[in-house]
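> I would like to see how this sequence folds:
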Amino acid sequence: MELTEGVRFDSLGLSPEIMRALEKRGLVTSTPVQAGCIPPMLEWKDVIAKAPTGTGKTFAYGIPIVEHIDPEDETVQAVILAPTRELAIQITEELRNVAAFRPGVRTVCLYGGQPINKQIDILKKKPQIVVATPGRLSDHMKRRTVRVDTAQTVVLDEADRMLDMGFIHDVTRLLDRMNKRRNLGMFSATISREVMDIAWVYQRDAEEITVRADEQNKPDILQYRLEVSYDGKADAIAKILDGGHFDRAMAFCNTKGSTERITKFLQMRGVNAECIHGDIPQKKREQVMDKFRQGELRVFVATDVAARGIDVDDVDVVFNCDIPDENQDYVHRIGRTGRARRHGVAVSLIADYPAKMRIDNIAKCTANVIVPAQMDENGVLSPIAGS
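Residues are numbered from 1 along each chain as shown. Next up is the predicted model:
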């Protein structure tokens, strides 16, 4: 089933508690993926959904999960697996919003990089929903600090990314343990061969939901490529931020060193910027992300580990300080802007010939129009005439 439109939430037969939570968020109409997934998941059907990043997938499975939870039952009733700790934290926050008016529904988030004893203490409070990265959930199961064999609903979020990251054996082992499940939901931006293999083995008569990146759902993102010197990237970002009156930006780098360097140069230019990458302690990473979500940080600099982990609807501009090695990483990076029907801008900084070759290849393979741009002395970008 291919969907391009949402429906009113009050047409889906949701409980008063869930409707109250949605009204609190000012939500009246669902996104297409929510319209396609909520009804079959409420009926305990398996679902495989292909939808672009930023289309509301968390609520698509989160609403049916919270509707199904029995607050009196202290066993684990739902398990959601996510590829990164950032995404797991984001999902947990969204689920708590959905369950805001359902007392007794408890959610725990399990991920690496946080002390395991702290998580064990939370597990003693008998959560019914477990959100986890596969590796950390496997650790808890080996320690027998959590039992997930009672789970009735299992969801794989960003399934393509999870399997690309080498979690396929962890995922299949966990699915084999959760053999009492009544339904399995798989949510993915792309349906890779590995995703299809999991679906073939573990799903039965799954409802297939596809949300095309058509003109209605496709983010409104103006994509530029700007030639700069290798040392001129931070200068260009600082000027463009002011020239375009951009309040909130994300800047992506390929390496930890590049992330640190760009952040330092931006700070030297008076730009409120902070970064995260794999070597930064988890607590600090969460603090930086919280500051960015709350609008206290103008530029969030990151390696791709955070590209799918942060969900902020009003990022004005995305900078590619380095051109990514993978085409899909480009799509996920620029997908941080132009969300929730807003206009967004993406700027790729080209400092050498290999970067130019990569951006040409990305434009060709992803069918994105990336316009060669020039920048005036005030930092205002415009297309190069005749390009």
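
> And the contacts of stretch 87-94?
58-59, 62, 80, 82, 107-111, 131-133, 157-158, 286, 289, 308-311 (C-beta atoms under 8 Å, 6 or more residues apart in numbering). In short, each C-beta sits where N, CA and C put it, glycine included.

> Could you list which of the residues you listed belong to strands?
Using DSSP state E, the members of these that fall within strands are I80, T107, V108, C109, L110, V131, A132.

> can you give me the helices in the stretch 1-150 of the chain?
16-24, 32-42, 57-68, 85-98, 116-123, 134-143 (DSSP state H, counting those that start in this stretch).

> would you list the ones you listed in JSON lines and tack on distance to S188 and mean neighbour count?
Shown next, in JSON lines, are the helices of the stretch 1-150 of the chain (distance: least, C-beta to C-beta, whole Å; neighbours: other C-beta atoms under 10 Å):
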{"stretch": "helix 16-24", "distance to S188": "25", "mean neighbour count": "16"}
{"stretch": "helix 32-42", "distance to S188": "11", "mean neighbour count": "24"}
{"stretch": "helix 57-68", "distance to S188": "9", "mean neighbour count": "25"}
{"stretch": "helix 85-98", "distance to S188": "13", "mean neighbour count": "22"}
{"stretch": "helix 116-123", "distance to S188": "27", "mean neighbour count": "13"}
{"stretch": "helix 134-143", "distance to S188": "15", "mean neighbour count": "17"}
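
> Using CSV, please lay out those together with distance to K239.
Output for those, formatted as CSV (distance: least, C-beta to C-beta, whole Å):
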stretch, distance to K239
helix 16-24, 40
helix 32-42, 38
helix 57-68, 36
helix 85-98, 29
helix 116-123, 44
helix 134-143, 42
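
> Export these to CSV and append columns for mean pLDDT and distance to V347.
Putting those into CSV (pLDDT from 0 to 100; distance: least, C-beta to C-beta, whole Å) gives the following:
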stretch, mean pLDDT, distance to V347
helix 16-24, 94, 35
helix 32-42, 95, 28
helix 57-68, 96, 27
helix 85-98, 90, 23
helix 116-123, 92, 40
helix 134-143, 93, 35
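
> Please identify which of the ones you listed is closest to P354.
For the helices of the stretch 1-150 of the chain, the distance to P354 is smallest for helix 85-98, at 29.0 Å, taking C-beta to C-beta.

> now that closest one and helix 134-143, what's the angle there?
Angle of helix 85-98 versus helix 134-143, following axes from the mean of the first three to the mean of the last three C-alpha atoms, to 10 degrees, is 80 degrees.

> Alpha carbons of helix 85-98, in PDB - could you do that?
Extracted C-alpha coordinates of helix 85-98, given in PDB (Å, rounded to 0.1, in the frame of the first residue of the first chain):
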ATOM      1  CA  ARG A  85      22.000   5.300  21.500                       C
ATOM      2  CA  GLU A  86      20.900   8.700  20.200                       C
ATOM      3  CA  LEU A  87      18.000   7.300  18.400                       C
ATOM      4  CA  ALA A  88      17.100   5.000  21.300                       C
ATOM      5  CA  ILE A  89      17.000   8.100  23.600                       C
ATOM      6  CA  GLN A  90      14.800  10.000  21.100                       C
ATOM      7  CA  ILE A  91      12.300   7.100  20.800                       C
ATOM      8  CA  THR A  92      12.000   6.800  24.600                       C
ATOM      9  CA  GLU A  93      11.200  10.500  24.900                       C
ATOM     10  CA  GLU A  94       8.600  10.200  22.200                       C
ATOM     11  CA  LEU A  95       7.000   7.200  23.800                       C
ATOM     12  CA  ARG A  96       6.800   8.900  27.100                       C
ATOM     13  CA  ASN A  97       5.000  11.800  25.400                       C
ATOM     14  CA  VAL A  98       2.500   9.300  23.900                       C
END
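
> from now on call the first residue 400
Sure, I'll start counting at 400 from here, so that last one is helix 484-497.

> Distance from that helix to the middle of the chain?
Offset of helix 484-497 from its chain centre (C-alpha atoms, centre = their mean, to the nearest Å): 10 Å.

> got it, and stretch 466-481?
That offset, for stretch 466-481, works out to 22 Å (C-alpha atoms, centre = their mean).

> in stretch 777-786, what's buried?
The neighbour-count check on stretch 777-786 (16 or more other C-beta atoms under 10 Å) flags G778, L780 as buried.

> same thing with stretch 728-736?
Buried residues in stretch 728-736, counted by 16+ other C-beta under 10 Å: D728, Y729, V730, H731, R732, I733, G734, R735, T736.

> what about Q693, how many residues close to it?
Q693 sits with 9 neighbouring residues when counted by other C-beta atoms under 10 Å.

> Also K525?
K525: 12 neighbours (other C-beta under 10 Å).

> give me every residue that touches it.
Counting by C-beta under 8 Å, 6+ apart, K525 touches E473, T474, R505.

> My read is that the second one contacts T549, right?
Read it as T474. Yes: counting by C-beta atoms under 8 Å, T474 does reach T549; the two are 4.1 Å apart.

> What ranges does the stretch 550-699 of the chain have for its strands?
With DSSP state E, counting those that start in this stretch as the criterion, the stretch 550-699 of the chain has strands at 552-555, 582-587, 606-610, 619-626, 648-651, 672-675, 698-701.

> want to throw the ones you listed into JSON lines with distance to K632?
Formatted as JSON lines, the strands of the stretch 550-699 of the chain follow (distance: least, C-beta to C-beta, whole Å):
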{"stretch": "strand 552-555", "distance to K632": "37"}
{"stretch": "strand 582-587", "distance to K632": "33"}
{"stretch": "strand 606-610", "distance to K632": "35"}
{"stretch": "strand 619-626", "distance to K632": "10"}
{"stretch": "strand 648-651", "distance to K632": "9"}
{"stretch": "strand 672-675", "distance to K632": "12"}
{"stretch": "strand 698-701", "distance to K632": "11"}
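
> Redo these as TSV? Include distance to A448 and mean neighbour count.
Putting these into TSV (distance: least, C-beta to C-beta, whole Å; neighbours: other C-beta under 10 Å) gives the following:
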stretch	distance to A448	mean neighbour count
strand 552-555	10	26
strand 582-587	5	25
strand 606-610	4	20
strand 619-626	22	20
strand 648-651	25	27
strand 672-675	28	24
strand 698-701	26	26
